[in-house]
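Asker: whatever this is, show me its structure:
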Amino acid sequence: RTKRPLCGTGPSARLRDPVCLNVGGEVYTTTLDTLTRCRDSMLGAMFTGQMPLLRDQHGNFFIDRDGKVFRYILNYLRSNSLDLPDDFKEMSLLKREADFFQIGPLLEEIRQYEAGPRGAGWRSAVLSADVDCQVRMLHFNLKRGPENYELRSCAVRVYSANVFCTAGAFVQLLCARFRYRAPDGAANPRPALGRPNYMRLEWVPRPEELPQDLYEKHGFRELGLTSPGTTPDSSAGGAIPDTSAFVEELLKIALAEGFRVDSVLPDPSDILACRSLRFVRY
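Answerer: The predicted model follows:
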């Protein structure tokens, strides 16, 4: 039996659309333009006549690589976008195949994907939150009239939350969901400088007996939520009056992002009154 010759040794003009590929037993149909989208890749070299190509018994060009993940490589070349299902489990294999085909832009997309909100490094994570409340007595002079002042005192509750997550993207999500309210406008909190996995929140609801101007003079800020569809400086969105409300919102966000409660201190039966929470995500 005569052995079928290698193809692609002549000019690339000998190749015609559509092009049928047999990649590890999986057959794909595409175009030369798609296959040569990245000219400096191995596929670009194969289908511009720089490398020989082998055909199978049906006349399809044969490439002895993993056929199932090749669909994502081909779709990337078609759309210039890495589109993967939510339950995709073959990232290491896809990375290896993209490296074999020397598709640099795809490798960069994979790196960004892994660091993003659906990457493996983001999915497996530990989240911890410690909340506290300190009561301070604030003494101030309340002006009653010209040269008429009255000495007043009120209790100010300073709430704080220290949040750490091994997935920096989740910390960014929290920063987007919470916001400070201050006289000069609202602003989203930020991760600690140089520590993208850590954020500290500190807020002080204004007591009714404390005048607004004195509240602002002390630099106190309230904490609220950024409602969907609102800008950070919008007045819409729920207020966070205390640590229980903060823990409740943190639970909603964490559970929606795939976390599960691992430990609650000091009393596991009263999670909203806890002082320390730990979550895990696998």
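Asker: tell me the domain boundaries of the protein?
Answerer: If you go by automatic domain parsing, the domain ranges for the chain are 12-115, 123-281.
Asker: same list (those) but as TSV, adding mean pLDDT.
Answerer: Listed next are the domains of the chain as TSV, based on pLDDT from 0 to 100:
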stretch	mean pLDDT
domain 12-115	90
domain 123-281	89
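Asker: would CSV of those with mean neighbour count be doable?
Answerer: Where C-beta positions appear, they are placed from N, C-alpha and C, glycine not excepted. Putting these into CSV (neighbours: other Cβ atoms under 10 Å) gives the following:
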stretch, mean neighbour count
domain 12-115, 16
domain 123-281, 15
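Asker: which stretches of the stretch 101-250 of the chain form helices?
Answerer: Using DSSP state H, counting those that start in this stretch, the helices assigned to the stretch 101-250 of the chain run over residues 104-115, 120-123, 168-177, 212-217, 243-256.
Asker: and the last one, what other elements does it pack with?
Answerer: Just to be clear, that refers to helix 243-256. Judged by 3 or more Cβ pairs under 8 Å, 6 or more residues apart in numbering; DSSP states H and E, helix 243-256 is in contact with strand 125-145, strand 148-165, helix 168-177, strand 276-281.
Asker: so which of the ones you listed gets nearest Thr30?
Answerer: helix 168-177 (33.6 Å; Cβ to Cβ).
Asker: what packs against the closest one?
Answerer: Helix 168-177 packs on strand 148-165, strand 198-203, helix 243-256, going by 3+ Cβ pairs under 8 Å, 6+ apart.
Asker: now it - C-alpha only, CSV.
Answerer: The C-alpha trace of helix 168-177 is given here as CSV (Å, rounded to 0.1, in the frame of the first residue of the first chain):
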residue,chain,number,x,y,z
GLY,A,168,-7.2,38.9,46.3
ALA,A,169,-10.1,39.1,43.9
PHE,A,170,-12.6,38.5,46.7
VAL,A,171,-11.1,41.4,48.7
GLN,A,172,-11.6,43.6,45.6
LEU,A,173,-15.2,42.4,45.4
LEU,A,174,-15.8,43.4,49.0
CYS,A,175,-14.2,46.8,48.3
ALA,A,176,-16.7,47.3,45.5
ARG,A,177,-19.7,46.2,47.6
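Asker: compute the inter-axis angle for that helix and strand 125-145.
Answerer: Angle between the axes of helix 168-177 and strand 125-145 is 30 degrees (criterion: axes from the mean of the first three to the mean of the last three Cα atoms, to 10 degrees).
Asker: how close does the residue lying closest to Asp83 once chain neighbours are set aside get to Leu82?
Answerer: Distances taken as Cβ to Cβ, 6 or more residues apart in numbering place Asn75 nearest to Asp83, at 6.1 Å, with adjacent residues excluded. Distance of Asn75 to Leu82, given as Cβ to Cβ, to the nearest Å: 8 Å.
Asker: do Lys68 as well
Answerer: When Lys68 is compared with Leu82 (using Cβ to Cβ), they lie 16 Å apart.
Asker: mind checking the SS state of Asp33?
Answerer: helix (DSSP: H, G, I helix; E, B strand; the rest coil).
Asker: give the contact list for it.
Answerer: By Cβ atoms under 8 Å, 6 or more residues apart in numbering, the contact set of Asp33 is Asp17.
Asker: 6 Å instead?
Answerer: Asp33 makes no contacts at all, as judged by Cβ atoms under 6 Å, 6 or more residues apart in numbering.
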